[in-house]
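1. Can you look at this prediction? I've put the sequence above it.
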Amino acid sequence: HGAGVMASALETVNRVLENRVSGQKDSITLLHSRVKKLSSLSLERALETILETVAILAGMTSGAVWVPGPDRSRLVPASTFGWDADTPRDASLDAETTVEGYVIRNNRPFSARMTLEGSEFSRFDTARNLIAMPIVVRGEAWGVLNVEDMPFECYSAYSESVISIVLSLAEPYLRDILEYDALHRQG
């Protein structure tokens, strides 16, 4: 019975990889058109576009962008994707005791596979973190994109690379939006 389940899982992963290779040209075209959508000066729209792009290209089914709140000791969701309105969620996270806080403080990505490599993450509850990537603006982590859920066959180093590329391409647009918002608040 176990061998059949394993064979089925491997077949599914293989199908995903074949589709990934055959769809790369379409993915690049899609990525280009999605990145162009970031040129609006709306932070809310830009973050929604980033989350939607990660969902399309990496298979994320649930995730959020978390940013430091006003006192910086808590993180708040700036944008969410795939959150069920009926499911209770944390409205804020402790910046010191969560993976999201770790990613922002250290400007380093987190992947669930890292929990197998050592005890560095044993003090964190990693139940809601598959992949957490810093959203870097001007060389510093401004926020974190946290992938909470995705199909097993989509979780891979490839997905991590795709998310990293999306965030890297988004950085100049986010920088402009944040500068515009700062100037607008001053004015």
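-> Yep, that arrived. Keep in mind it's a predicted model, so treat the numbers as computed, not measured. Residues are numbered from 1 along each chain as shown.

2. Any idea which residue is closest to the centre of this structure?
-> By Cα atoms, centre = their mean, the chain has its centre lying nearest to residue 145, at 3.3 Å.

3. my hunch is that that one is in a strand, does that hold up?
-> Yes - under DSSP: H, G, I helix; E, B strand; the rest coil, residue 145 falls within a strand.

4. That one contacts residue 163, correct?
-> Yes - counting by Cβ atoms under 8 Å, residue 145 touches residue 163, with 6.7 Å between them. Glycine gets a C-beta too; all of them are placed from N, C-alpha and C.

5. what residues are shared contacts of the two?
-> Counting by Cβ atoms under 8 Å, 6 or more residues apart in numbering, the residues touching both residue 145 and residue 163 are 54, 133.

6. counting contacts, what elements does the strand or helix carrying residue 162 pack onto?
-> Assigned by DSSP states H and E, residue 162 belongs to helix 157-186. Applying 3 or more Cβ pairs under 8 Å, 6 or more residues apart in numbering; DSSP states H and E, one finds that helix 157-186 contacts helix 24-36, helix 43-58, strand 131-137, strand 140-149.

7. follow-up on the earlier one: wait, what's in contact with the residue nearest to the centre of the chain?
-> So residue 145 contacts 50-51, 54, 63-65, 132-133, 135, 163, 167 (Cβ under 8 Å, 6+ apart).

8. Of the residues you listed, which qualify as buried by neighbour count?
-> 50-51, 54, 63-65, 132-133, 135, 163, 167 (16 or more other Cβ atoms under 10 Å).

9. Residue 13 sits in which helix or strand?
-> helix 2-22.

10. Against which helices or strands is the lowest-mean-pLDDT helix or strand in the chain packed?
-> Sorting the helices and strands of the chain by mean pLDDT, DSSP states H and E puts helix 24-36 at the bottom, at a mean of 71. Counting contacts by 3+ Cβ pairs under 8 Å, 6+ apart, helix 24-36 packs against helix 43-58, helix 157-186.

11. Kindly calculate the angle that the last one makes with strand 140-149.
-> With axes from the mean of the first three to the mean of the last three Cα atoms, to 10 degrees as the basis, helix 157-186 and strand 140-149 are set at 130 degrees to each other.

12. go on, the shortest one?
-> Helix 43-58 and strand 140-149 are oriented at 50 degrees to each other (the same axes, to 10 degrees).

13. still on that earlier bit, and the helices and strands packed on helix 157-186: which comes nearest residue 93?
-> strand 140-149 (9.4 Å; Cβ to Cβ).

14. Around residue 140, how many other residues sit close by?
-> Using other Cβ atoms under 10 Å, residue 140 is surrounded by 10 other residues.

15. doesn't residue 106 make contact with it?
-> No - in this structure residue 140 lies outside contact range of residue 106 using Cβ under 8 Å: 11.3 Å.

16. hang on, the earlier thing: just the C-alpha atoms of the least confident helix or strand of the chain, please, in CSV.
-> The C-alpha trace of helix 24-36 is given here as CSV (Å, rounded to 0.1, in the frame of the first residue of the first chain):
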residue,chain,number,x,y,z
GLN,A,24,8.4,28.3,-18.7
LYS,A,25,7.9,30.5,-21.8
ASP,A,26,4.3,31.2,-20.8
SER,A,27,5.5,31.9,-17.3
ILE,A,28,8.1,34.4,-18.4
THR,A,29,5.5,36.3,-20.5
LEU,A,30,3.0,36.1,-17.5
LEU,A,31,5.7,37.4,-15.1
HIS,A,32,6.5,40.3,-17.4
SER,A,33,2.8,41.4,-17.6
ARG,A,34,2.3,40.9,-13.9
VAL,A,35,5.4,43.0,-13.0
LYS,A,36,4.2,45.8,-15.3
